[in-house]
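Visitor: when you get a sec, could you give me coordinates for this:
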Amino acid sequence: MWRPSLPVSLRAALGAAPLSSAGTPRALEGKVALVTAGTDGIGVGVAEALGVAGARVFISSRRAQNVQRAVEQLRGRGLQVSGVPCHVGRAEERERMVQAALDTFGAIDILVSNAAVNPHFGPALEADESTWDKVFQVNVTAAAMLVRLVVPHMEKRGGGAIILMSSIAGYQPMTGLAPYSVSKAALLALVAALSPELLPRGIRVNGVAPGLIRTRFSAALWQDEAVRERALKELGVERLGTPQEVAQAVLFLASPQAAYVAGQTLLVAGGARPRL
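Guide: Now for the predicted structure:
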C-alpha cells in the first residue's frame, strides 16, 4: 500500500528517534538543553531533571553568584552543567547567553524559557505602565526572541524541543496578579502561534502551566497562611506543588516520549480546573 512520505524535518519533529529510547533513564543522552532562570525553584528542578536524563544543561540567571552556586550544586550530583548570568529582557545579554551555550556544548536541542518577573501584587488598576512594560518584556517578548535565536541552531541538528513556562494564572487570572496573569495568557497563545510554523522545521513547541508551586518566586501566595488558604480555595486544590513535579512535565515534553505532542500547554496544577 502506498503511504505518503514526510519531509525529513517533520519526521524529526514527530519522533525520528527510536521508540525504544523514549522510556530509558538516559532518554536525552547527547542532547543540549538551555534553561533560563535555571538556578532556583522550578528552573533548577528542570535543569536537574534534564541532566539526570542525560542532557548537557546550560543555565542562566540574572546574578552571577546564583549561577555559580547552582552550577556547583548540579555538578556535585554528577551532571554536565554550565551557565552564565543573563537578564533575558536585554537583547545583547540573550545573544551572549545563546552564544555561550553554543561555545560550551556545541549545540542547542532543547530550550526551556522559564524566566519571569512579577513586580506587582495588588489591584490591577494600581499597576502603572512601567510595570506592564517590564512584565511583558521579560515574560513574553524575551521568550519569543529566545525562540528566534535558537531555531536556526536546532534546525542544524535536525530538530528540537521548545518549552515555554506559562502558569495556571494564564487560564485563571489570580487575585493581585493581573499583569503577570495576562503575560502568562499571552504565552499560551505564543505556543499555539509558534507550533504550526516550527513543526514542519522539525521543532516541537509546547508549554507547561504550573499551579501554585512552593518556590521563593511564589512566596507571596503561600508564606502567609490566610493568603495561602485563599489561593488554594480559589484554585480548588488541596496542596502546593513542588518544583520536581513541574520538572517531570518539562522532561516529558523535551523527550522522545512526547514525539507526537506539539502546540499544547500541559497544566500541572493538582487537579485545578481553570475557568478560561
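
Visitor: name the SS class of Val205, please.
Guide: Taken by DSSP: H, G, I helix; E, B strand; the rest coil, the conformation at Val205 corresponds to strand.

Visitor: tell me the secondary structure at the nearest residue to Arg204 once chain neighbours are set aside.
Guide: Take Arg204 and drop its neighbours on the chain: the residue closest to it by Cβ to Cβ, 6 or more residues apart in numbering is Ala262, 4.4 Å away. Any C-beta I mention is one placed from the backbone N, CA and C, and that applies to glycine too. Classification of Ala262 by three-state DSSP places it in coil.

Visitor: who's in contact with Ala262?
Guide: With contact set as Cβ atoms under 8 Å, 6 or more residues apart in numbering, Ala262 has these partners: Ala13, Ser195, Leu199, Arg204, Val205, Asn206.

Visitor: tell me who's in contact with the fourth one.
Guide: Applying Cβ under 8 Å, 6+ apart, one finds that Arg204 lies in contact with Ala13, Gly159, Gly160, Ala161, Ile162, Ser195, Leu198, Leu253, Ala258, Ala259, Val261, Ala262.

Visitor: near Gly271, how many other residues are there?
Guide: The burial count assigned to Gly271 is 10, neighbours taken as other Cβ atoms under 10 Å.

Visitor: got phi/psi on it?
Guide: phi 90, psi 0 (degrees, to the nearest 10).

Visitor: what do you get for Ser113?
Guide: phi -90, psi 100.

Visitor: what sits closest to it if chain neighbours are left out?
Guide: Looking at Ser113 with Cβ to Cβ, 6+ apart, the closest residue is Ala143, at 4.3 Å.

Visitor: that neighbour: neighbouring residues, count only.
Guide: By other Cβ under 10 Å, neighbour count at Ala143 equals 28.

Visitor: and it, what pLDDT?
Guide: pLDDT recorded at Ala143 is 98.

Visitor: following the host helix or strand of it, which helix or strand comes up?
Guide: Using DSSP states H and E, Ala143 sits in helix 142-156. Beyond helix 142-156 on the C-terminal side, the first helix or strand identified by DSSP H and E is strand 160-165.

Visitor: using PDB, write out every CA atom in that following strand.
Guide: Extracted in PDB, the C-alpha atoms of strand 160-165 (Å, rounded to 0.1, in the frame of the first residue of the first chain):
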ATOM      1  CA  GLY A 160      14.400  20.300  18.700                       C
ATOM      2  CA  ALA A 161      12.000  20.900  21.500                       C
ATOM      3  CA  ILE A 162      10.900  24.200  23.000                       C
ATOM      4  CA  ILE A 163       9.000  24.500  26.200                       C
ATOM      5  CA  LEU A 164       7.600  27.900  27.400                       C
ATOM      6  CA  MET A 165       6.700  28.200  31.000                       C
END
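
Visitor: show me the contact partners of it.
Guide: 42, 108-114, 116, 143, 147, 150-151, 154, 187, 190-191, 194, 198, 202-208, 210, 250, 253-254, 258, 265.

Visitor: hang on, the earlier thing: got the buried residues for the helix holding Ala143?
Guide: Buried residues in helix 142-156, counted by 16 or more other Cβ atoms under 10 Å: Ala142, Ala143, Ala144, Met145, Leu146, Val147, Leu149, Val150, Val151, His153, Met154, Glu155.

Visitor: fine by me, thanks again.
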